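J.: Below: sequence and its predicted model.
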Amino acid sequence: MKNNKFILSVLLIFSFAFSACAGFEPEDEPVTGNFGSQYTPQERQTRAFDAIQKHLAENYIYYKSAGVDWDSRFDEYHAQISAGLTNDEFNALMLEFAGKLPEGALLFQSRDERIASETEDTSTYQGIGAFIGFAAEAVPHIIVLGVIEGSPAERAGIRAHDSIYAIDGNPVLLEEGIDVVQRVRGPAGSVVTLNVQTPGKPERTVEVTRAQLVSASQLEARQIDVNGTPYGYILFPVISNDSLLKDLLANLQELTTNQKLEGLVLDLRVAGSGRGWPLEELLKLFHNGKVGTFYNSREIEQTVSVTGADLFGSQSVPLIILVGQNTNGSPEILAAALQASNRAIVIGEPTSGAIEATTLFYLPDGSRIFIETSSFKLPNGEDIGINGVQPQVVINAGWDDILPANDPVLEKALELLSAGPEQ
């Protein structure tokens with residue numbers, strides 16, 4: 001349904017912040033026992049693919065509107081399964097099947113991949129300590145969204161907004177997509193050579209010694225004075241953490257101590273959500289009233305309204321939100337809802353619309369799939385999952401086009417705030 005989506009991880013499982021929406025799609029129970037004793041490989045594969053077909057037909061949010069000839073597509077892959085496949089060939093075929101569906105519709109994990117994923121410790125990893133996105137144009141490359149303080153990447157001089165074009169002498173390839181991160185990661189103590197370019201500067205070669213790291217991404221805030229007028233600026237992190245709301249409130253309190261802010265900029269250009277992103281609390285902080293409606297393929301809807309809480313002038317401060325191609329999930333809903341209610345002006349690039357909730361289903365052979373099962377629409381009926389967030393002021397400057405001291409998107413936000421409401 002969407003093109004040029006920037007994805008921060010291979011698997012993004014978006015969960016609703018609102019408890020009223022928690023019951024949309026229960027997970028299937030995992031299959032246990034011996035997966036190989038009762039059926040032939042072909043029978044197991046057929047049963048697994050039949051389950052995929054059933055789950056898509058019953059749960060995929062855009063099943064009727066995706067423009068896919070489902071019967072022909074299913075028949076094509078049933079025929080290949082019937083011809084006889086090894087387990088590895090079947091897994092490869094399911095990845096191919098998912099890849100030919102609308103982007104994000106289906107993610108397939110084999111049994112071995114599922115077990116590895118379920119037992120992996122995601123709190124730490126071995127790599128360079130950079131949060132990245134993938135850009136397909138004009139030359140495929142990695143965008144550095146941010147770096148962990150004190151990480152090997154930071155010590156090597158890699159900064160947010162940099163681009164990486166090659167890893168150990170091999171260029172970033174279009175077909176890799178975000179999977180290119182596996183080439184950047186590696187055992188602690190090993191060295192990776194990166195071709196890095198900072199906006200406006202020549203490409204350079206950087207050697208980085210990988211380390212054991214803890215995932216960490218922090219909210220950043222500062223005051224910006226324009227002709228003596230104080231404005232607040234808050235950059236939301238790439239990956240949310242449990243302290244996000246507390247950190248935001250602490251910074252708002254500090255920014256408004258002994259003064260009134262004349263405007264606030266919420267920078268969501270690299271913000272992704274994931275579990276725990278405080279969408280409901282942020283909506284309450286800046287909005288009061290109807291937000292929109294979550295809905296699924298079974299035409300079950302959950303309308304969401306919030307009762308606003310005015311903290312540190314949050315309900316009345318002039319508000320501008322910055323978005324871009326790396327904004328995804330709950331931050332998109334926040335931006336679209338505040339824009340639709342005329343609470344905020346949105347500036348930047350259109351977002352991808354990566355807000356659909358994903359539900360996990362286990363298959364009879366022990367593999368599992370993730371299907372987009374629900375989406376969100378504004379009070380006027382506009383579906384963000386289809387259209388993304390469309391800024392009132394479009395500035396086509398990607399994260400890898402700007403520097404902190406030369407940021408046309410932020411400069412436009414400050415210009416609008418300085419001009420006042422009459423503009």
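T.: Structure's in. What do you need?

J.: Is V139 within a helix or a strand, and which one?
T.: Element membership for V139, per DSSP states H and E: none, as it lies in no helix or strand.

J.: name the helices or strands packed onto whichever strand or helix holds E280?
T.: Assigned by DSSP H and E, E280 falls within helix 279-286. The contact analysis (3 or more CB pairs under 8 Å, 6 or more residues apart in numbering; DSSP states H and E) places helix 279-286 against helix 244-255, strand 301-306, helix 330-340. C-beta here means a position set from N, CA and C on the backbone, and glycine is covered the same way.

J.: What residues of the longest one count as buried?
T.: When you say that, I think you mean helix 244-255. L244, L245, D247, L248, N251, L252, L255 (16 or more other CB atoms under 10 Å).

J.: Beyond the helix ranked longest in the chain, next helix or strand please.
T.: If you go by DSSP state H, the chain has its longest helix at helix 41-59. The first helix or strand that comes after helix 41-59 along the chain, using DSSP H and E, is helix 70-82.

J.: packing partners for that next one?
T.: So helix 70-82, by 3+ CB pairs under 8 Å, 6+ apart, packs with helix 41-59, helix 87-99.

J.: Could you export the helices and strands packed on helix 279-286 as a markdown table, including distance to E262 and mean pLDDT?
T.: A markdown table is the format used below for the helices and strands packed on helix 279-286 (distance: least, CB to CB, whole Å; pLDDT from 0 to 100):
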| stretch | distance to E262 | mean pLDDT |
| --- | --- | --- |
| helix 244-255 | 11 | 95 |
| strand 301-306 | 25 | 93 |
| helix 330-340 | 18 | 96 |
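
J.: Quick check: which of those is nearest to R183?
T.: helix 330-340 (27.8 Å; CB to CB).

J.: what sits up against the closest one?
T.: Residues from elsewhere that reach helix 330-340 (CB atoms under 8 Å, 6 or more residues apart in numbering): 14, 17, 236, 268, 271-273, 277, 279, 282-283, 286-287, 291-292, 319, 321, 323, 327, 344-346, 351, 353-355, 376, 378-380, 382, 384, 388-389, 392.

J.: Report the angle between that helix and helix 279-286.
T.: 30 degrees (axes from the mean of the first three to the mean of the last three CA atoms, to 10 degrees).

J.: Can you point out the buried residues in the helix or strand that helix 330-340 is followed by?
T.: Per DSSP H and E, the first helix or strand lying C-terminal to helix 330-340 is strand 345-348. For strand 345-348, burial by neighbour count (16+ other CB under 10 Å) applies to I345, V346, I347, G348.

J.: Quick one: mean pLDDT for strand 345-348?
T.: Averaged over strand 345-348, pLDDT sits at 98.

J.: What is the neighbour count of the spatially closest residue to L245 that is not a sequence neighbour?
T.: Once flanking residues are discounted, L245 sits nearest to P278: 4.3 Å by CB to CB, 6 or more residues apart in numbering. Neighbour count for P278, taken as other CB atoms under 10 Å: 19.

J.: confidence score at P278?
T.: 92.

J.: low-scoring stretches of this structure, by residue?
T.: 1-37, 120-123, 274-275, 421-423 (pLDDT under 70).

J.: Break this protein into its domains for me.
T.: 19-119, 124-214, 220-355+375-416 (automatic domain parsing).

J.: End to end on the second one, go ahead and measure it.
T.: The separation between the terminal residues of domain 124-214, taken as CA to CA, to the nearest Å, is 4 Å.

J.: Quick one: residues contacting the residue lying closest to I148 once chain neighbours are set aside.
T.: Spatial nearest neighbour of I148, chain neighbours left out: G129 (3.9 Å); criterion: CB to CB, 6+ apart. G129 is in contact with V147, I148, S151, P152, A153, E154, A211, L213, counting by CB under 8 Å, 6+ apart.
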